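**Q** below: sequence and its predicted model.
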Amino acid sequence: FFNPESLNVTSQFQDNQNDNMGASIHPRVMQQIGKGWHLSAVLNLGTMRASLDRELGYLLSESKDPVESLSPEFDHLENNMTPELSLQWKNPKHRLNFQIKGAWMQIDKTLWTSSLGKSTFFNPLGSVSWAFEPRDNRRIKLNYMSYNTLPSLTQLMPVSNTLNPLSVYIGNPDLKPSLTHRLSSELSIFDEYSFTALFLKLNGMYTQNAMSTSRIISETLEQTLTPINVSEASSFNGNLDFSTPIKRFGLKIQLMAGPNWSKSSNIINGQVNDVNSLSNTFRFNIENRFKEKIDARLGATLTLTNTNYSIQEEYDNKYSTLSYYGDLRYHLNDHWHLWFRTSVNTYNSESFDETFTFPLMHASVSYNFLEGGKASILLEGIDLLDKNNGFAQVSDINYMAKITSNTIGRLVMLTFRYRFNQLGAGRR
């Protein structure tokens, strides 16, 4: 453990009271304008008042009274008006929806009794969606939408939050809403004769005026964080899921893969720091198709992650997580049921010299009795090898950490369950 030359102990208290009150009205008019076509107009009017009263003080002080300069009363009033126009069309195979709207909002901020000024924002927004079903069990979807994200009260309040003296947070009353454009697509295919299925989802997001963080780091690694707007941020993720039976052997296999990429930026001691993160997840699963007596499956999941920083490149991090497992359920008869599961989780990082492996094993036996199996007794063993640990790898701009924590460990439970009716949830 690290033994510092000097030690500072700070004992604080903090009480937060949040109050929210709002009202809105949404008058709507809809009209059919042709076969399959509908036009609608909506006027969204709303007002929302939110307040945060904070009391922060030091427990070791003689008075133990809140520190006035760190105990703000912050009030936020938002008035908004959003007219929108929608056009919809559908037939047995197609559905199409257009929407345009203008989002106007005015935000008034008050700290204690002093106004921090009013801010007015306007963004044209819209969405387009299309769904196509050429035949049964075949579907294609495309969707575009844009929306605003408003800063929270904590992000706007310009008073230091010193509850963590090593990471002091100060809000920014000039923080502006961000504008996000989201494009998504979906492909779904299922063959009812071969029981083969293919699902594909892709999502991309581009954010203008993105909300990020400015960080000042001292030589003693103390930080001061303030939310700011940066020009842009973007992300992409996808998911491919394919499954098909192997009829000759009575098996079903499932393959899944999905990338997740993001690009953002923040400010570190006045310098722009670009952060690129890419992770890829691959999953394989094989199981038996007919489960009257036995339900068995084997699988593995591999996740590869790479994070890069434009400054402090020595904190770039590449790590992988590999998990593989086996699961077996055996139904002896209507009364006796057995379950066994084993898995091995392995964590590997270029930032650390060692690989961490955690083998796990669980098992249970249950007995159902009374009419309709209303009652059951379950004997369950969790983490029979007593090897489970909480584990996390953390990489940030000024530190890397490996965190392990104790868990309950090996545990044996005896449970009695009784269901009061056939359709209701089980009760113990």
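**A** Received, thanks.

**Q** buried ones in the helix or strand encompassing residue 47?
**A** Using DSSP states H and E, residue 47 falls within strand 37-58. For strand 37-58, the neighbour count (16 or more other CB atoms under 10 Å) marks 42, 44, 48, 50-52, 54-58 as buried. Placement of C-beta: from N, CA and C, glycine included.

**Q** can you list those in a markdown table and add pLDDT and distance to residue 275?
**A** Compiled in a markdown table, the buried residues of strand 37-58 are given as follows (pLDDT from 0 to 100; distance: CB to CB, whole Å):
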| residue | pLDDT | distance to residue 275 |
| --- | --- | --- |
| 42 | 96 | 39 |
| 44 | 96 | 35 |
| 48 | 96 | 32 |
| 50 | 95 | 30 |
| 51 | 96 | 34 |
| 52 | 95 | 29 |
| 54 | 95 | 30 |
| 55 | 94 | 35 |
| 56 | 92 | 31 |
| 57 | 91 | 36 |
| 58 | 87 | 36 |
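
**Q** which two in these are spaced the farthest apart?
**A** Using CB to CB, these reach their maximum pairwise distance at 42 and 58, which is 51.6 Å.

**Q** where along the stretch 251-400 of the chain do the strands fall?
**A** Along the stretch 251-400 of the chain, the segments classed as strands by DSSP state E, counting those that start in this stretch run 251-268, 271-288, 294-309, 317-331, 336-349, 356-369, 375-382, 390-395, 400-405.

**Q** make JSON lines from those and add mean neighbour count to it.
**A** Formatted as JSON lines, the strands of the stretch 251-400 of the chain follow (neighbours: other CB atoms under 10 Å):
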{"stretch": "strand 251-268", "mean neighbour count": "17"}
{"stretch": "strand 271-288", "mean neighbour count": "15"}
{"stretch": "strand 294-309", "mean neighbour count": "16"}
{"stretch": "strand 317-331", "mean neighbour count": "16"}
{"stretch": "strand 336-349", "mean neighbour count": "16"}
{"stretch": "strand 356-369", "mean neighbour count": "16"}
{"stretch": "strand 375-382", "mean neighbour count": "15"}
{"stretch": "strand 390-395", "mean neighbour count": "14"}
{"stretch": "strand 400-405", "mean neighbour count": "11"}
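
**Q** the ones you listed into CSV, with extra columns for mean pLDDT?
**A** Formatted as CSV, the strands of the stretch 251-400 of the chain follow (pLDDT from 0 to 100):
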stretch, mean pLDDT
strand 251-268, 96
strand 271-288, 95
strand 294-309, 94
strand 317-331, 92
strand 336-349, 92
strand 356-369, 92
strand 375-382, 93
strand 390-395, 71
strand 400-405, 73
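
**Q** tell me the average confidence for the longest strand seen in the chain?
**A** For the chain, the strand that runs over the most residues, judged by DSSP state E, is strand 223-246. Here strand 223-246 scores 96 as its mean pLDDT.

**Q** can I get that strand as CSV, trimmed to CA atoms?
**A** Once side chains and other backbone atoms are set aside, the C-alpha atoms of strand 223-246 remain, and they are given as CSV (Å, rounded to 0.1, in the frame of the first residue of the first chain):
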residue,chain,number,x,y,z
GLN,A,223,-8.7,17.7,-9.8
THR,A,224,-11.2,20.5,-10.6
LEU,A,225,-13.9,19.5,-13.1
THR,A,226,-16.2,21.8,-15.0
PRO,A,227,-18.7,20.9,-17.7
ILE,A,228,-18.1,22.5,-21.1
ASN,A,229,-19.3,22.3,-24.6
VAL,A,230,-17.1,20.8,-27.3
SER,A,231,-17.7,21.0,-31.0
GLU,A,232,-18.7,17.4,-31.6
ALA,A,233,-18.8,13.7,-30.4
SER,A,234,-19.7,10.6,-32.3
SER,A,235,-20.4,6.9,-31.8
PHE,A,236,-21.3,3.7,-33.6
ASN,A,237,-22.5,0.3,-32.5
GLY,A,238,-23.8,-2.8,-34.2
ASN,A,239,-25.1,-6.2,-33.4
LEU,A,240,-25.2,-9.3,-35.6
ASP,A,241,-27.1,-12.4,-34.3
PHE,A,242,-27.2,-15.6,-36.3
SER,A,243,-28.7,-18.9,-35.2
THR,A,244,-29.5,-22.1,-37.0
PRO,A,245,-30.1,-25.8,-36.0
ILE,A,246,-27.9,-28.7,-36.8
